[in-house]
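Enquirer: next input, structure requested:
(one chain, ligands or ions: 1)
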Amino acid sequence: MGRIGVADLAAKPGERRRGFLAVPGVEPAWEIPAVVVRGRRPGPSLAVTSGMHAAEYVPIEAVTRLTRWVDPESLRGTLLAVLLVNAPGFYERSIYVNPRDGRNLNRSFPGDPAGCPAERVAAFLLAELIDGADAYVDAHCGDLVEALAPFTLWTRAGDPDVAARSQAMSRVYGFERSLGVEPGSVPGAAYASAALRGVPAIIAEIGQQGICDEPSVARHLRGLQNVMAHLGMVEPLGPPPAAPRPMDRMDWMRTDISATYHPTVAVGERVAEGQPVGELRDIFGDTLRTLRAVATGDVVFLVTSLAVKAGDPLLGIGVPTG
Ligand SMILES: [Zn+2]
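Expert: You can find the predicted model right below:
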């Protein structure tokens, strides 16, 4: 029965409102498109964000569709949707970061209202969208240079009841893998900040490489609808989805040099620790590094760009429970 608006965008019962939210203290203006749909009937409030990463198009389209699909006449509670957090990066097709300060918004939480633009955006969203909501979904996909196998992510950090409710949202989303990660495994992520402040939260990921494909959009939308049904805001759309495979952590492999990248595995593929997974070469084609899997598990993230810069991620391995 929490929040009924985002910043100064509030809705009356039975109303759907849209507008742009100006992040305080950021010049030039950082204006975030948002939609609030308040049901005629009381119920929980669900906060949703997309476009934290501006070139992740599948979730942006799915969340936009969700705001148009929800009927305020039959809805219980309030849907609070922020469509494009990284608004300045959208038409720039920014990868990973925002163009104002070069920071990754999903590594900038809990933020600081007196900090750099990314920190101000993070603090604003926590205070004006997430705090006081009953649940939070941060919708993502692989970035322009990433292939990805679908998964949801929740944190075991904080209150066990909040963790259990986050895990339950992760289960109903309908994606193949559910990663329950330890505190601090992704520093500065919005979903973890939300959970630590008592708001059950997940990240959900499907789609990749700047392709806004219909099957991925439809599955992201269904996941969001499933969460709304799980919370009692709408009627279930069908039978519950198959249970996801539980995973305990994501182990990242990064490059220490700028090079060309030649992976030999695909997303979704099972790898064994120590198995060769690709090479880094110089521009003449000489091998600089042979890459070996750092864990046994599924390749869930795979960078697909030939060019990689020192410090960049190369792939992420989801490690199954047990
Ligand atoms: Zn993302």
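Enquirer: from the chain's centre, how far out does the longest helix along the chain sit?
Expert: With DSSP state H setting the assignment, residue counts place helix 214-230 as the longest helix in the chain. A distance of 14 Å separates the centroid of the chain from that of helix 214-230, by CA atoms, centre = their mean, to the nearest Å.
Enquirer: got the residues of the stretch 1-150 of the chain near the ion?
Expert: By CB under 5 Å from the ion, the residues of the stretch 1-150 of the chain that approach the ion are His53, Glu56, His140. Backbone N, C-alpha and C define where each C-beta goes, glycine included.
Enquirer: and those residues as CSV, adding neighbour count?
Expert: What follows is those, written out as CSV (neighbours: other CB atoms under 10 Å):
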residue, neighbour count
His53, 26
Glu56, 26
His140, 25
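Enquirer: and the closest residue to the ion within the stretch 101-250 of the chain, what's its pLDDT?
Expert: For the stretch 101-250 of the chain, the residue closest to the ion is His140, as judged by CB to the ion, at 3.5 Å. With respect to pLDDT, His140 scores 98.
Enquirer: ok, it to Met247 distance?
Expert: Distance from His140 to Met247, counting by CB to CB, to the nearest Å: 16 Å.
Enquirer: is it true that Gly316 touches Phe301?
Expert: Yes: assessed by CB atoms under 8 Å, Gly316 is found in contact with Phe301 at 3.6 Å.
Enquirer: any residues in contact with both of those two?
Expert: Overlap of the contact sets of Gly316 and Phe301 (by CB atoms under 8 Å, 6 or more residues apart in numbering) consists of Met250, Trp252.
Enquirer: excluding chain neighbours, give the residue nearest to Val97 in space.
Expert: Of all residues not flanking Val97 in the chain, Asn104 sits nearest, at 5.2 Å (CB to CB, 6 or more residues apart in numbering).
Enquirer: what is the neighbour count of the one you found?
Expert: 16 (other CB atoms under 10 Å).
Enquirer: also Ser170?
Expert: Ser170: 27 neighbours (other CB under 10 Å).
Enquirer: what about it, distance to Ala118?
Expert: Taking CB to CB, one finds Ser170 at 26 Å from Ala118.
Enquirer: and if you look at Thr152?
Expert: 24 Å.
Enquirer: same thing with Gly223?
Expert: Gly223 is 26 Å from Ala118, by CB to CB.
Enquirer: can you check Glu56 too?
Expert: Taking CB to CB, one finds Glu56 at 16 Å from Ala118.
Enquirer: just Arg40 next, same as before
Expert: For Arg40, the distance to Ala118 - CB to CB - is 38 Å.
Enquirer: which one's more surrounded, the two?
Expert: Ala118 (27 against 14).
Enquirer: show me the contacts for the more buried one.
Expert: Ala118 touches Asn98, Arg100, Asp101, Arg103, Asn104, Leu105, Ser108, Gly111, counting by CB under 8 Å, 6+ apart.
Enquirer: hmm, 10 Å instead?
Expert: 26, 30, 85-86, 97-98, 100-109, 111-112, 188 (CB atoms under 10 Å, 6 or more residues apart in numbering).
Enquirer: out of the residues you listed, which sit inside strands?
Expert: Among the contacts of Ala118, none falls in strands (DSSP state E).
Enquirer: buried only: go through those for me.
Expert: Among those, those buried by neighbour count (16 or more other CB atoms under 10 Å) are 26, 30, 85-86, 97-98, 100-101, 103-109, 111, 188.
Enquirer: just the ones of these in helices?
Expert: Among the buried ones among the contacts of Ala118, no member lies in helices (by DSSP H).
Enquirer: do you have the strands of the stretch 201-322 of the chain handy? List them.
Expert: 201-205, 245-254, 259-263, 270-271, 276-281, 287-292, 297-303, 307-308, 313-320 (DSSP state E, counting those that start in this stretch).
Enquirer: which one of these is the most hemmed in?
Expert: Highest mean neighbour count of the strands of the stretch 201-322 of the chain: strand 201-205, a mean of 29 (counted as mean count of other CB atoms under 10 Å).
Enquirer: same for that strand, what does it pack against?
Expert: strand 41-49, helix 57-69, strand 135-140, strand 151-155, helix 160-172, strand 177-181, helix 190-196, helix 214-230 (3 or more CB pairs under 10 Å, 6 or more residues apart in numbering; DSSP states H and E).
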